[in-house]
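Colleague: Sequence first, then the predicted structure, then my questions.
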Amino acid sequence: DAGVIQSPRHEVTEMGQEVTLRCKPISGHNSLFWYRQTMMRGLELLIYFNNNVPIDDSGMPEDRFSAKMPNASFSTLKIQPSEPRDSAVYFCASRDRGNTEAFFGQGTRLTVV
Amino acid sequence: DAKTTQPTSMDCAEGRAANLPCNHSTISGNEYVYWYRQIHSQGPQYIIHGLKNNETNEMASLIITEDRKSSTLILPHATLRDTAVYYCIGPMNRDDKIIFGKGTRLHILP
């Protein structure tokens, strides 16, 4: 397996534009996590899914952020409209049922100017 | 919020054992402690986890105190590639969400 795949690796966008980050979890994994990492706030859990259903979205900062998991092999994190303070590295991770180890993607570095 | 306490940073000489402590005094029942690390510009990587017994794998050893309120991650022969931020996570059940604290920044010195 190629691991957790995130795209794009880098994104530069202008304030006010819509941004969509994509994640392909490891095949067979039933849990998916989205994180945001900044120097100031560290690694923050935004949302996590079990069996494609959002279980906890308490970390989603505001209504501008939304996440979907239409099937077991794909998830998106959308920011609309984007703001400069959304600039961060966004990580996706997946985990197998009954397993303890979560696997992380390489991240998407988002810059909003 | 993270429920563990770790030192902010530590240094270790290359080739020596790196011992990273973690306090998790609220641990109870069947809650586990997990360790991940994050090398610069990469996603976090799982290292090891434990419940009550000491654990060892190809990457590290985990020593858990008898009262389970603290643990130590041991990298037996640290190399420069072990320079990273090490996160002690938990206590948590196996299917819980994974919450990261600030971790310990480990510097391996040549």
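Modeller: Alright, I've got the coordinates.

Colleague: In a strand, residue B:30, correct?
Modeller: No - secondary structure of residue B:30 (DSSP: H, G, I helix; E, B strand; the rest coil): coil, not part of a strand.

Colleague: Residue A:34: how many residues sit nearby?
Modeller: By other Cβ atoms under 10 Å in any protein chain shown, the residues close to residue A:34 number 25. In this view, the C-beta of every residue, glycine as well, is placed from N, C-alpha and C.

Colleague: cool, residue B:11 as well?
Modeller: 10.

Colleague: List the buried residues in the helix or strand encompassing it.
Modeller: Residue B:11 is part of strand B:9-13, with elements assigned from DSSP states H and E. Within strand B:9-13, the residues that count as buried by 16 or more other Cβ atoms under 10 Å in any protein chain shown are B:10, B:12.

Colleague: Please name every helix or strand in contact with that strand.
Modeller: On a contact count with 3 or more Cβ pairs under 8 Å, 6 or more residues apart in numbering or on different chains; DSSP states H and E, strand B:9-13 meets strand B:18-23, strand B:104-109.

Colleague: Sheet partners, orientation included, of the last one?
Modeller: Strands adjacent to strand B:104-109 in the sheet, as given by DSSP bridges, are strand B:9-13 (parallel), strand B:84-92 (antiparallel).

Colleague: measure residue B:24 to residue A:5 for me?
Modeller: Distance, residue B:24 to residue A:5, using Cβ to Cβ, to the nearest Å: 33 Å.
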